[in-house]
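Q: I'll drop the sequence and a predicted model, then ask my questions.
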Amino acid sequence: MASFALLLTSASAQIFATNEFLQVQRGELPIIITAPHGGSLAIPGVPKRLGQEGERTNGKFVTAQDTRTFELAAATVKRVEELAGKKPYLVAMKVHRQYVDPNRPEKEGVEDERARVVHAAFHAHVREFVDEVRKQFPGGAVLLDFHGQAASAGTIYRGTQNGTTVLKMVAKHGPVALTGEASILGYLATKGIKIEPPNTPPGTPPETRAFGGGYIVRTYGSHTTNGVDAIQLEFGASFRTDAAKREETAKFLAEAIKVYAAKYLPPKQ
C-alpha cells in the first residue's frame, strides 16, 4: 500500500480513500443505504481515537464496532437487487470507528489529520447520491442508516428525531407512510419483529433518545432543503450477528423496501 500520508496531499486522496476504506455502489432506485460503524480496518499510521472505552474529557461517545452491520447492509443491497431487478445506492465504511466516525461532524468524528479524507470521502458520496436521487426521483426517496445497538437483542429502534428527518414523507402521505403496514418499519412488524417505539405516529411515544437519529439522518433528512426522507435503524444483536438470521433480516428488509417503494415512491422521471 502506498504511503497514506503522502496520498493525503495528492489530488487522488479521495479516490484512494474510497477504494481502500469504503464500499460504494451507485444505484438505480430511490433507496440509499448507509452503514457508518460496521468496519474493522485501521488507517495506516493513524492512532485510535481518544476515549476508546467511551470516555473523553468533554463528554462521552462510543468507538465500538456495530458488529456485522456492514455485512447486513451488503446483504440487504443484494436482496433488494434480486427482488427489484435494480440496485439501491450504498455507502458503507470499512474503517473501524476507533479511527473515524462518519456519524459525527468532522470535528468530533476525526482526531487525526490523516483520517480526515476518509470522513470526507464517506460524506461526499452520500451527498452526491442524495443529490442524484432528488434529481432523478423528485417524487421521493429514502435513506436508511444501519446501526447496531446492545440495549435489546430482539428489537429494531427507529431514529427520525421524532419524525423530523422524514418530514416530507409524513407531510405528503401522513404518518402511515412511516408506521403503517406498507411502511418499511410497519412491514417488519408484520413479520413479528419488535419495533421501538411501536408503530404509532411520531412522538407518541417519543423515540428512544440514544437511538433517535444521529448526524447522518440529521444532515441528509428531508427537513433540510436538499435532503431526502431518512431513517436510522438500530438493529439488536439477534438481527445481525448470526449469519442465517442476518440473511433473514436482509430478506425482510428487502421485502419491506419493495412494498414501501411500490406504494409511496413514484418511478424515475
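A: Arrived safely, thanks for sending. Everything quoted here is computed from the prediction, not taken from an experiment. Numbers count the residues shown, from 1 in each chain.

Q: quick one: low-confidence parts of this structure?
A: 1-11, 51-60, 269 (pLDDT under 70).

Q: just the helices in it please.
A: Counting by DSSP state H, the chain has these helices, from start to end: 4-7, 13-21, 69-84, 106-109, 116-136, 167-173, 176-179, 184-190, 215-220, 243-264.

Q: can you tell which of those is closest to Val95?
A: Each of those was checked against Val95 via Cβ to Cβ, and the shortest separation belongs to helix 13-21, namely 4.9 Å. All C-beta atoms are positioned from the backbone trio N, CA, C, and that covers glycine.

Q: roughly how far is the closest one from the heart of the chain?
A: Relative to the mean C-alpha coordinate of its chain, helix 13-21 is positioned 19 Å out (Cα atoms, centre = their mean, to the nearest Å).

Q: Show me what counts as buried in that helix.
A: In terms of neighbour count (16 or more other Cβ atoms under 10 Å), helix 13-21 has its buried residues at 13-14, 16-18, 20-21.

Q: who touches Arg97 in this structure?
A: For Arg97, the set of contacting residues under the criterion of Cβ atoms under 8 Å, 6 or more residues apart in numbering consists of 36-37, 39, 62-66.

Q: just these now: which is nearest Ala171?
A: Set against Ala171, the nearest of the contacts of Arg97 by Cβ to Cβ is Pro36 (27.3 Å).

Q: And that closest one, its phi and psi?
A: Its backbone dihedrals place Pro36 at phi -90, psi -20, with angles given as degrees, to the nearest 10.

Q: is it true that it touches Asp101?
A: Yes: the pair Pro36 and Asp101 passes the contact test of Cβ atoms under 8 Å, sitting 7.0 Å apart.

Q: Can you give me the end-to-end span of stretch 138-146?
A: End-to-end distance for stretch 138-146: 24 Å, by Cα to Cα, to the nearest Å.

Q: hang on, I meant stretch 101-111
A: For stretch 101-111, the first-to-last residue distance is 10 Å (Cα to Cα).

Q: for that stretch, the distance to its chain's centre please.
A: Using Cα atoms, centre = their mean, the mean C-alpha position of stretch 101-111 is found 15 Å from that of the whole chain.

Q: Same question for stretch 162-169.
A: Relative to the centre of its chain, stretch 162-169 is centred 16 Å away, using Cα atoms, centre = their mean.

Q: Name the residues that touch it?
A: Counting by Cβ under 8 Å, 6+ apart, the neighbours of stretch 162-169 from elsewhere in the structure are 140, 142, 159-160, 170, 175, 177-178, 201-203, 206-207, 212-213, 217-218, 221-223, 227-232, 264.

Q: That one: end-to-end distance?
A: Between the opening and closing residues of stretch 162-169 there is a gap of 13 Å (Cα to Cα).

Q: Same question for stretch 195-213.
A: For stretch 195-213, the first and last residues are 15 Å from each other (Cα to Cα).

Q: Around Pro266, how many other residues sit close by?
A: In terms of burial, Pro266 registers 11 neighbours under the definition other Cβ atoms under 10 Å.

Q: Show me what the residue most central in space within the chain is bridged to.
A: With distances taken as Cα atoms, centre = their mean, Asp145 lies nearest the centre of the chain, 1.8 Å away. With DSSP bridges as the criterion, the beta-bridge partners of Asp145 are Thr34, Gln232.

Q: Pull the contacting residues for it.
A: When contacts are counted by Cβ under 8 Å, 6+ apart, Asp145 touches 34-36, 103, 159, 214, 216-217, 230-233.

Q: Could you do Arg68 as well?
A: With contact taken as Cβ under 8 Å, 6+ apart, Arg68 is in contact with 38, 148, 240-241, 246.

Q: Next, give phi and psi for it.
A: Recorded main-chain torsions at Arg68 are phi 70, psi 10, according to degrees, to the nearest 10.

Q: separation between it and Pro205?
A: For Arg68, the distance to Pro205 under the criterion Cβ to Cβ, to the nearest Å works out to 29 Å.

Q: And stretch 218-231, what's buried?
A: With burial defined by 16+ other Cβ under 10 Å, the residues of stretch 218-231 counted as buried are 218-223, 227-231.
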